[in-house]
Every structure is written in structure tokens, then in C-alpha cells.
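Novice: Build me a model:
(one chain, ligands or ions: 3)
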Amino acid sequence: MYNCYCILSAAYQNVFENLYLFKCILICHNRLNKYNNNKCGADLISFLKDLIIRAGNICLEEQNNITDKDLEFKTPKDLVTITDKKVELFIIQEIKTKYPQHDILGEETGRSGNSSRFLWIIDPIDGTTSYFHGQPFYAVSIALEKDGQIILGAVYAPVLGQLFHGQIDKGAFLNDVPINVSDTKHLTDAVMGTGFACLRSDLKNNNLVHFNTIVPQLRDIRRYGSAAIDLCYVACGKLDGFWEINLNIYDIAAGALIVQEAGGNLSDFSGNTDYPEKGIVAANSYLHPLLIKMLK
Ligand code: IPD
Ligand code: CA
Ligand code: CA
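Specialist: Ligands and ions are numbered 1, 2, ... in the order given. Take a look at the predicted model:
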């Protein structure tokens, strides 16, 4: 009987020891995971910033030498240059080398992969018309989606030397300095941006009605020719608001996160979250409802 008790007590002790060991391993594993996630975040940001600057430098190098023979037309008003394609391929190659498992969606090459939790969304040159016409308002835009949510985004306008980036719950930055939307309260004090997407040049709903309604209420209007820059300018308060219809996810993915992280309001034309499919409106919290009212 005594022997039996000893065996049982040893067994119990063993179980408790094992449980204790298991608990320790679990705590270590969680700590390690947390450390790896943080490390991965910092890694990702510096990878993205370095990548987008190198992509922007290719645009800069080639802009002055672009001629008619380097130009193709997706539709009569939708331009694409050899640099758009070259920059997209460069970005994709770099991502594939560093993160071979990740999925990619690029404006010029479409989607590759459909099995990863991560999706990179690329617009190699947002503002190709400006780019081809030798103007400064164009940008490279890259966003990273995880489990369907944009977690990281960067927009780089190389001629302007402006690198915007935003990270979910960590804020938005222009050249690494934190940015915020403006605090303009009245339409009469506001300068806003809009666009006339090439994709809708033949559509009945071409933004001119909205333009005619809204512009007389404002101090002034800007049409920079890059939705990504428009959104980032709202984020840093250079613009007080922005609206456009018929954009695609690659035009707005990075800029949208940057606006939100800078404290801006973002919605479709009805105030819901179906953007960019049902239009996109970005502004500070005072002006956003006023814009929605005029766009409904
Ligand atoms: C264009 C720009 C422009 C907007 C167009 C977009 P792309 O992108 O964002 O501001 O008005 O609708 O298509 O074609 O130059 O990448
Ligand atoms: Ca675009
Ligand atoms: Ca583009």
C-alpha cells in the first residue's frame, strides 16, 4: 500500500512538473511571438520605405527621356508608359525576393497568388498623365493588406521629395515627421482636391455636376492628377478635403490608411465604407459631413 502511495505521489509530482514546464514553454512562446511580430513590423516598414524610394528614383531617372514611342493607351485617355511597367516589375521582384509567400496586386500586371494572409497593392505611377507631361505631381503608391485589412501604406512623390507612410494604429508621417489633418471648419476657408478619372471620361456621371456644386462654396480647388497625393495632402493638412469617383483600390489603398492614421474621416459618397466603388471622400471631421451632404 505504501509503495502504491509512493508511485502515485511520484506520478502526480511528475504531472505537476510537466504542467509547470508546459506553462513556461507557453509563456516563452508568446513572448517570442510578440517579439517577432514587433520585429516583423519594423522590418516591413524599412523594407517598404527603401523599396518605394528606389522605385521613385527609377521614375525620376526616366521622366525627362520619355517620348511618344514609350507610351501606350489602355483607352484613349488612359495612358501607360514603359516606366509604369518597369517600376511595377521592379517592385514585384523585390517583394517576391523578400516575401515569396505573399500575394501581389499590381495595376499593370493584375493579381498573383491567392493563398497568403498578406496582399501587396501597387500603383507604380499614380498620375501617369502628369508624369508623361513632365509635371511633378505623381507618386508611387504601395500598401500592404493583412487578413483583408490595410496595415501599412506608403506614397512617394519623388520630384517633390515627399515620402508619406502610415501604419495601422501607429500614425501617419511625412518624411518621418508625424502629420495630422487640418482643423479648418468652414467651407469658405477650405482648399480641396478632386479628380476626373480617365476611366469615366465617357460616362454620364463624370464629376462635373459635383464640381459645379462644391467649388463655389470653397476658397479654392486643386486638381493634382494623383489620387494618392490628394489623399496624402488631406492627411497632412495641405488640402482640407478630397473627393473622386471611379477610382480603383490601387489608387487609394495606401493614401486611405494614411488619411485615417492622420485623424481624417474617410467614406464613400453616402458616408458608408463602400469606397472606392461608390466614390471616395476624405476630409477632417468638420468638413467631411458637409462634403457628404453636397455629394449625396
Ligand atoms: C489616376 C490618378 C488620377 C485620377 C485617375 C487615376 P493613374 O491614376 O489617380 O488622379 O483622377 O482617375 O486613374 O492612371 O495615373 O495611375
Ligand atoms: Ca492610379
Ligand atoms: Ca498608375
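Novice: residue contacts, the residue nearest the centre of the chain?
Specialist: By CA atoms, centre = their mean, the chain has its centre lying nearest to Ala254, at 0.8 Å. Ala254 makes contact with Ile121, Ser141, Ile142, Ala143, Ile150, Gly153, Ala154, Val155, Phe164, Gly166, Ala228 under the criterion CB atoms under 8 Å, 6 or more residues apart in numbering. Every residue, glycine included, has its C-beta placed from N, CA and C.
Novice: Could I get the phi/psi values of the closest residue to Met192 other than its chain neighbours?
Specialist: Leaving aside its sequence neighbours, Met192 sits nearest to Gly241 (CB to CB, 6 or more residues apart in numbering; 4.2 Å). Backbone torsions of Gly241, given as degrees, to the nearest 10, read phi -170, psi 170.
Novice: Against ligand 2, how distant is the residue nearest to the centre of the chain?
Specialist: Distance, Ala254 to ligand 2, using CB to the ion, to the nearest Å: 11 Å.
Novice: Run through the bridge partners of the residue nearest to Met192.
Specialist: Assessed by DSSP bridges, Gly241 has beta-bridge partners Met192, Ala283.
Novice: Read off the pLDDT value for it.
Specialist: Looking at Gly241, its pLDDT is 98.
Novice: That one contacts Pro289, doesn't it?
Specialist: No: using CB atoms under 8 Å as the test, Gly241 is too far from Pro289 to be in contact (10.9 Å).
Novice: between those two, which one's more packed in?
Specialist: Between Gly241 and Pro289, Gly241 has the larger neighbour count (other CB atoms under 10 Å), namely 28 against 13.
Novice: list the contacts for the more buried one?
Specialist: Gly241 sits next to Ala190, Met192, Gly193, Val234, Val281, Ala282, Ala283, Asn284, Leu287, His288, Leu291 when contact means CB under 8 Å, 6+ apart.
Novice: Try it again at 6 Å.
Specialist: Going by CB atoms under 6 Å, 6 or more residues apart in numbering, Gly241 touches Met192, Ala283, Leu287, Leu291.
Novice: Quick check: closest non-adjacent residue to Ile58.
Specialist: Per CB to CB, 6+ apart, closest to Ile58 is Val87, 5.3 Å.
Novice: What separation do you get for the one you found and Ala190?
Specialist: According to CB to CB, to the nearest Å, Val87 and Ala190 sit 34 Å apart.
Novice: do the same with Asp169
Specialist: When distance is defined by CB to CB, Asp169 is 28 Å away from Ala190.
Novice: More neighbours: those two, which one.
Specialist: Neighbour tally, Asp169 and Ala190, criterion other CB under 10 Å: the higher count belongs to Ala190, 24 against 6.
Novice: quick one on the thing from earlier: can the contacts of Ala254 go into TSV with extra columns for pLDDT and distance to Thr128?
Specialist: Conversion of the contacts of Ala254 to TSV gives the following (pLDDT from 0 to 100; distance: CB to CB, whole Å):
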residue	pLDDT	distance to Thr128
Ile121	98	17
Ser141	98	12
Ile142	98	16
Ala143	98	18
Ile150	98	23
Gly153	98	20
Ala154	98	19
Val155	99	15
Phe164	98	19
Gly166	98	23
Ala228	98	12
